[in-house]
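Enquirer: With the input below, show me the fold.
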Amino acid sequence: MKAKRQMKILELIKNHIVATQEELAERLREAGIKVTQATVSRDIKDLNLVKVPVGDGRYRYALPQNRQELNHVVRLRRVFRECLVSLDYSENLIVVKALSATAPGVAEAIDSLGWEEIIGTVAGDNTVLVVVKPTEATPSVAARLEKFAR
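Expert: Residues are numbered from 1 along each chain as shown. Predicted coordinates for the structure are as follows:
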């Protein structure tokens with residue numbers, strides 16, 4: 001089922017502009033594939049999908065255009081795992097503590113995830129502020145970041 005679902009995801013992003021995980025999940029359901037947003041999120045990660053601009057400030061899911069881009073994403077994920085010290089959240093903000101001088105790389109790694117609930121990051125020297133929308137999504141985003149660090 002996973003292979004079939006992921007093949008359908010690749011077909012959908014090739015033939016349609018798919019901007020959000022919810023939209024992708026809905027298109028899968030329309031194709032007769034039962035799926036949750038969490039499953040779609042894992043599939044996006046497994047397939048190494050990235051968000052690319054389509055104009056007017058909008059983005060869509062796509063495969064990395066070249067191996068160098070894919071390697072860049074893999075490196076950013078490794079930076080996140082190796083530099084993360086801790087994270088905590090309140091309301092719609094997640095504070096990520098990182099090793100000294102690594103916060104900009106950690107913020108870029110978070111931004112590269114393309115999670116639609118994350119509307120932006122701000123990095124200092126050893127701290128990253130992650131802004132989440134809607135507020136109710138903050139605990140699940142924090143949990144996903146912790147899982148991503150493992």
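
Enquirer: who does whatever helix or strand Asp43 lives in touch, helix- and strand-wise?
Expert: Taking DSSP states H and E as the criterion, Asp43 maps to helix 37-46. The contact analysis (3 or more Cβ pairs under 8 Å, 6 or more residues apart in numbering; DSSP states H and E) places helix 37-46 against helix 2-15, helix 21-30. For the C-beta atoms, the positions are set from N, CA and C on the backbone; glycine is no exception.

Enquirer: out of those, deepest packed?
Expert: Of the helices and strands packed on helix 37-46, the one with the most neighbours on average (mean count of other Cβ atoms under 10 Å) is helix 21-30, at a mean of 17.

Enquirer: any idea which helix or strand comes after the helix or strand bottoming out on mean pLDDT in the chain?
Expert: Using mean pLDDT, DSSP states H and E, helix 67-83 stands out as the lowest-scoring helix or strand of the chain, at a mean of 72. Using DSSP H and E, the helix or strand that follows helix 67-83 in sequence is strand 84-90.

Enquirer: what packs against that next one?
Expert: Using 3+ Cβ pairs under 8 Å, 6+ apart: strand 84-90 touches strand 93-98, helix 138-148.

Enquirer: Least reliable of these by average pLDDT, please.
Expert: Mean pLDDT values for the helices and strands packed on strand 84-90 show the minimum at helix 138-148, a mean of 92.

Enquirer: How about it, which residues are buried there?
Expert: Neighbour counts over helix 138-148 (16 or more other Cβ atoms under 10 Å) mark Thr138, Val141, Ala142, Arg144, Leu145, Phe148 as buried.
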